[in-house]
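Student: Take a look and give me a structure for this.
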Amino acid sequence: MATDIQVVIDCADPARVATFWASALGYVVQPPPEGFASWEEFLTSIGFPEDRFNSRSAVVDPAGQGPRIFFQQVPESKTVKNRVHIDINASHGAANEAEARDLVDNKVDELVTQGAIVLRDYEEFGERTVVMQDPEGNEFCVQ
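Tutor: Numbering: from 1, shown residues only. Here you go, the predicted model:
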């Protein structure tokens with residue numbers, strides 16, 4: 001029996017980071033419960049304090065295959081390198097090395113326009129990896 005998992009990411013601005021990762025992974029921000037037009041409407045209905053509306057968010061795979069990623073607001077900022085990170089395999093299925101390079105370049109360019117930054121770009125064992133940071137400084141790789 002498979003175990004359902006979710007990945008949890010600490011951050012300062014869950015809505016912003018969730019929006020970034022939804023786009024980066026082809027996910028969607030998790031919709032509100034049935035019967036509610038927005039999370040704000042749902043949270044108001046259960047008496048959740050308005051000043052905490054952005055204390056959490058989540059993204060889900062619309063195909064239902066990948067794990068849910070949950071973003072929770074924490075008071076402290078990121079200070080050291082992540083011990084766990086997400087990799088994006090943008091070159092999967094490329095017909096050749098040139099196509100793989102183009103796919104990685106396109107994904108990196110897309111993510112930079114959404115607030116990510118490139119830390120380094122290297123090749124090792126015949127595979128190219130671009131190490132990046134999301135808008136809050138969490139490291140991830142694009143291959």
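Student: State the distance from the closest residue to Asp61 other than its chain neighbours to Val80.
Tutor: With CB to CB, 6 or more residues apart in numbering as the criterion, Asp61 has its nearest non-adjacent residue at 5.5 Å, and that residue is Tyr27. Bear in mind the C-beta positions are built from the backbone N, C-alpha and C, glycine included. According to CB to CB, to the nearest Å, Tyr27 and Val80 sit 26 Å apart.
Student: more neighbours, the two?
Tutor: Per other CB atoms under 10 Å, whichever of Tyr27 and Val80 has more neighbours is Tyr27, with 20 against 5.
Student: My guess is the more buried one contacts Gly64. True?
Tutor: No: because the distance of 10.9 Å does not satisfy CB atoms under 8 Å, Tyr27 is recorded as not touching Gly64.
Student: Phi and psi next, for Gln6.
Tutor: Dihedral pair for Gln6: phi -140, psi 150, per degrees, to the nearest 10.
Student: again with the one 3 residues further on
Tutor: With angles defined as degrees, to the nearest 10, Ile9 sits at phi -120, psi 120.
Student: so how far is the helix or strand Val59 falls within from its chain's centroid?
Tutor: Assigned by DSSP states H and E, Val59 falls within strand 56-60. The offset between the C-alpha centroid of strand 56-60 and the centroid of the whole chain comes to 9 Å, using CA atoms, centre = their mean, to the nearest Å.
Student: Helices of this structure, residue ranges please.
Tutor: When secondary structure is read from DSSP state H, the chain shows helices at 14-25, 39-45, 97-113.
Student: And the residue nearest to Glu41 when sequence neighbours are not counted, how close does it get to Gly66?
Tutor: The spatially closest residue to Glu41, leaving aside those adjacent along the chain, is Pro32, at 6.9 Å (CB to CB, 6+ apart). Relative to Gly66, Pro32 is positioned 20 Å away (criterion: CB to CB).
Student: on that earlier part again, may I have the strands that pair with the strand holding Val59, each with its orientation?
Tutor: Strand 56-60 has the following sheet partners, assigned by DSSP bridges: strand 28-29 (antiparallel), strand 68-73 (antiparallel).
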